[in-house]
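>>> Mind folding the following:
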Amino acid sequence: MIEQAQANALLRPNGLSKRDLTSLSEVTDYETGEFLRSTFTYVDEEDIVWAGRAPGIRKYDLTTDDLRRELRLIPDEKIYPLHAQVSVVSGADPKKLFIKRPKMACADNEYELKLVPQMMLEEAKVLEVLKQHPHRNLVRYYGCTINRGRITGLALERYEIILQYRYEDVPHELDVTACMSGIRAGVKFLHSLGLAHNDLNPTNIALDSNDNPIILDFGSCKKFGEELVSGGTYGWIDEVYTTSAQRHDESAMHKIETWLIKERDNRARGIEHKRV
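So this is what the prediction gives:
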């Protein structure tokens, strides 16, 4: 154990700052809201993953010494699935790509960490289906990135605007009717393939330069009736569910439309108030 700890210490990346981290978050007690720890991850140029936790230290108080002391190497097999029956990205313009990594925050939880390779492989397989059956309102998938014989990322079209922040990032009005029409078209097509998204919400929908909605994040997408490892986002679901179903998407779309109308009206009232 001592030799392993010494070896791990020698391997730790040097000179990291919080700006270099891949993720940085705080964990609180679910029931009391009390702060417990900061957690962080770092992925280097070779897709090697490091994770750490700092009990009792808020993320804005973390120092470079804290990062170096707490970072631990995560073995490939714990985070990346083996490359099997998925396409490999090639020929795409890197500037157009967003590489979706495994859910690194899970590295802080041993139970959840065991599920990470499975979840990434399942999402890759869903995206392979969508690659064969593309739709203008579903994110374009180019294939997987592969390193050391394992899937290290999912190469997707990059979009600058996320629906959640559309009203903050873009000055002109959003056509809510057109936006919802595009979302419904994408979901209808997805359902025609026997798949439900199961986690529709404004953070999982992007907008292209013409305000056309693009549905993202297929980590919870499965065939109707299949068991879910995770599904839904708090505030955008009517109930906690464990199986894939069309009704989850239908309910979420209703909530999204209601939210969009409210955001539009709030913005309009704000503009009118400024004029007065």
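>>> so what's residue 174 closest to, chain neighbours aside?
Distance criterion C-beta to C-beta, 6 or more residues apart in numbering; nearest residue to residue 174, sequence neighbours excluded, is residue 166 at 5.7 Å. For the C-beta atoms, the positions are set from N, CA and C on the backbone; glycine is no exception.
>>> number of nearby residues for the nearest residue to residue 46 once chain neighbours are set aside?
Nearest residue to residue 46, sequence neighbours excluded (C-beta to C-beta, 6+ apart): residue 147, at 6.6 Å. Residue 147: 14 surrounding residues under other C-beta atoms under 10 Å.
>>> residues in contact with the one helix or strand residue 166 maps to?
Residue 166 is located in helix 166-169, with elements delineated by DSSP states H and E. Contacts to helix 166-169, defined as C-beta atoms under 8 Å, 6 or more residues apart in numbering, come from residues 161, 174, 207, 263, 264, 267.
>>> which residues sit in contact with the first one?
For residue 161, the contacting residues are 169, 170, 206, 207, 208, by C-beta under 8 Å, 6+ apart.
>>> Residue 33: helix or strand, and which one exactly?
Using DSSP H and E, residue 33 sits within no helix or strand.
>>> what bits of the stretch 101-250 of the chain have low per-residue confidence?
104-112 (pLDDT under 70).
>>> so is the most centrally placed residue in the chain in a helix, a strand, or just coil?
For the chain, the residue nearest the mean C-alpha position is residue 217 (5.9 Å; C-alpha atoms, centre = their mean). Under DSSP: H, G, I helix; E, B strand; the rest coil, residue 217 falls in the coil class.
>>> Ok, residue 54 next?
What three-state DSSP gives for residue 54 is strand.
>>> nearest spatial neighbour of it, skipping sequence neighbours?
Take residue 54 and drop its neighbours on the chain: the residue closest to it by C-beta to C-beta, 6+ apart is residue 38, 4.7 Å away.
>>> For the one you found, pull up the helix or strand it's in.
Assigned by DSSP H and E, residue 38 falls within strand 35-43.
>>> Which pLDDT does the model give residue 8?
For residue 8, the pLDDT comes out at 48.
>>> do the same with residue 271
57.
>>> Let me have the contacts of residue 161 in JSON lines, extended by neighbour count and distance to residue 44.
Shown next, in JSON lines, are the contacts of residue 161 (neighbours: other C-beta atoms under 10 Å; distance: C-beta to C-beta, whole Å):
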{"residue": "169", "neighbour count": "11", "distance to residue 44": "31"}
{"residue": "170", "neighbour count": "13", "distance to residue 44": "35"}
{"residue": "206", "neighbour count": "23", "distance to residue 44": "27"}
{"residue": "207", "neighbour count": "21", "distance to residue 44": "32"}
{"residue": "208", "neighbour count": "15", "distance to residue 44": "32"}
